[in-house]
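> I'd like to go over a predicted model; first the sequence, then the structure.
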Amino acid sequence: MRLQRNTAFVTSAFGLMLCCASAHSQQKPPLTITISGPRTIPAGSDLTIHIVTTNVSDQSVQICSASEQAGTVEVYYKVAIHDEKGEEPPITDFGRRAKTSYVVQENARTLCEWPPNWTLAYSMAVSKQYDLSKPGKYIVQVTRAASDLSPNSTVVKSNELTVTVVPKQPDALPFTLTIEGPASVTAAEASAAAGPGNPIRVDAELRNISHHAVVIVWGTLYIVRIHTEDGQQARPRSGLVNGESLKYVSLAPGQTSYQPVAVSTEYDLTKPGDYIVQLLRPMDDAGYPEGSVVESNEWIITVLPDRHNVPQ
C-alpha cells in the first residue's frame, strides 16, 4: 500500500513537472515587434521600414538602445525578406555583415533595462541590405533577441510586411512643351482649312529646361491628339501629314524652339463643338531612348456654327 502511495506521488509530481514545463514553454515572449513601411516602391529605390518594439511583460527586460547613426540597428534587429516563391533577393556586402553581427552587452544591465510598457522605435533601410531592383512582391520580417544579455535568448518575430516593387518609370524629360492657338473658328473656316493651303494651326513652344545644350531636329513630326469634350476622338483625315522641312538646331539651356503645327489637316474639325488639342513630341532625335515623349498642355478650339445656319 505504501509503495502504491509512493508510486502515485511520484507520478503526480512528474505530471506536475511536465505541466509546468509545458506552461513555461508556451509563455508569450516579453516583447512585441511591429514593422510598417510603404506598400509600393519603384524598382531600385530605397525601402525604409519603421520598427516599434514594446515590452509587454510585467517585468523589466534587458534591451539595449541601438543607434541608427552608428548602424547598430542592423546588429540588434535581423531582417528577412523573400519573394512570392520564397526566394531571397540578392544580398549586399553590408547585408552579409549585418546578418552575422551580434553584440553582447555584459556590463550594461542598468542602461539596457526597460520597464514594462516601454517602447523603442527605429528605422531601418532594408534596401541597404538587399537588392530590390527586380519588380515583384516581397515579404519582409524582422527578428531580434528577447534579451541582449545573450544572443541565444528567445527570438521574437515581427509581423510580415508585403511590399510590391513596381517597374521604375522613366525620368521626366528636361523639356516643356506649350501650345497656343485660336480660341474659336467658324465651321466655314474649319472647312476651308481642311486643305494644306490655310490650315488651322497651333504654335508649339519647346523649351530646354536642362543645364546643357541639346541638338534637336526642327520640323520633326508632332503627334496630334484631338478629342471632343465627351472624350470622343475627332475624325482623322487620311493622306495628310504634319511637319516642315527638317533641319538641326541647338537649344541652349533655357532656350525655346517655336514651330507652327497644323491640326486641321489631320483631323476633321468642321462639326461645331469644342475640340481639345494636345501635341506630343518624340525626343529620340535628341538622344533619348525610343518612346521618350514630351506632352503639351491642352488647348480648346471651339468650332462655331456658320451664321446663316443658326436658327433665327
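Looks like it came in fine.

> for the protein, what spans make up the helices?
Counting by DSSP state H, the chain forms helices over residues 2-25, 73-76, 93-99, 187-192, given from the N-terminal end onward.

> weakest of these in terms of mean pLDDT?
Lowest mean pLDDT of those: helix 2-25, a mean of 45.

> show me where the stretch 1-150 of the chain has its strands.
Remark: strands assigned in the stretch 1-150 of the chain by DSSP state E, counting those that start in this stretch are 31-36, 40-42, 48-55, 61-62, 77-83, 113-114, 119-125, 136-145.

> dump the residue contacts of P167.
When contacts are counted by C-beta atoms under 8 Å, 6 or more residues apart in numbering, P167 is found next to P42, A43, P135. Placement of C-beta: from N, CA and C, glycine included.

> and of the residues you listed, the nearest to V202?
Comparing those against V202 with C-beta to C-beta picks out P42 as the nearest, at 34.1 Å.

> can you name the residues bridging to that closest one?
Counting by DSSP bridges, P42 is bridged to V166.

> does it touch V163 like I think?
No. Counting by C-beta atoms under 8 Å, P42 stays clear of V163, with 11.5 Å between them.

> more neighbours: the two, which one.
V163 (19 against 14; other C-beta atoms under 10 Å).

> that one reaches V140, doesn't it?
Yes. Counting by C-beta under 8 Å, V163 touches V140, with 6.1 Å between them.

> between the two, which contacts overlap?
Common neighbours of V163 and V140, counting by C-beta under 8 Å, 6+ apart, are G37, L47.

> please report how far A172 lies from S257.
The gap separating A172 from S257 is 19 Å, by C-beta to C-beta, to the nearest Å.

> looking at the two, which is more packed in?
With neighbours defined as other C-beta under 10 Å, A172 and S257 compare such that S257 has more, 18 against 8.

> tell me the contacts of the residue nearest to that one when sequence neighbours are not counted?
Beyond its immediate neighbours in the sequence, the residue positioned closest to S257 (C-beta to C-beta, 6 or more residues apart in numbering) is L206, lying 4.6 Å away. Listed by C-beta under 8 Å, 6+ apart, the contact partners of L206 are F175, T176, L177, I216, L251, T256, S257, Q259, R281, V294.

> how does it look with 7 Å?
Going by C-beta atoms under 7 Å, 6 or more residues apart in numbering, L206 touches F175, L177, T256, S257, R281.

> any stretches of the stretch 101-250 of the chain with poor pLDDT?
With pLDDT under 70 as the threshold, the stretch 101-250 of the chain has low-confidence stretches at 102-111, 150-151, 169-171, 195-197, 219-221, 234-246.

> let's go with 50 and repeat that
The model of the stretch 101-250 of the chain has pLDDT under 50 over residues 104-110, 237-244.

> quick revisit: out of the strands of the stretch 1-150 of the chain, the one nearest A190 is which?
Using C-beta to C-beta, the strands of the stretch 1-150 of the chain put strand 40-42 closest to A190, at 44.2 Å.

> buried only: go through the contacts of L206 for me.
For the contacts of L206, a neighbour count by 16 or more other C-beta atoms under 10 Å gives the buried set as F175, L177, S257, R281.

> right, and the third one touches Y248 too?
No. Using C-beta atoms under 7 Å, S257 is not in contact with Y248; the gap is 11.3 Å.

> what sits up against stretch 176-190?
The contact list for stretch 176-190, computed with C-beta under 7 Å, 6+ apart, reads 200-207, 209, 264, 269-270, 272, 277, 279, 281, 294-297, 299, 301-306.

> A183: neighbour count?
Should you count by other C-beta under 10 Å, A183 turns out to have 9 residues around it.

> nearest residue to H211 other than its sequence neighbours?
Take H211 and drop its neighbours on the chain: the residue closest to it by C-beta to C-beta, 6+ apart is P253, 5.5 Å away.

> quick check: phi and psi on that neighbour?
Here the main-chain torsion angles of P253 (degrees, to the nearest 10) amount to phi -50, psi 130.

> now do the same contact list for it.
Going by C-beta under 7 Å, 6+ apart, P253 touches N208, S210, H211, H212, A213.

> just the buried ones out of the residues you listed, please.
For the contacts of P253, buried by 16+ other C-beta under 10 Å: N208.

> got the contacts of P253 as CSV, with distance to E189 columns?
Formatted as CSV, the entries for the contacts of P253 read as follows, by distance: C-beta to C-beta, whole Å:
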residue, distance to E189
N208, 34
S210, 39
H211, 43
H212, 43
A213, 40
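
> closest to E74 out of the contacts of P253?
Within these, distances to E74 taken as C-beta to C-beta reach their minimum at H211, with 37.5 Å.
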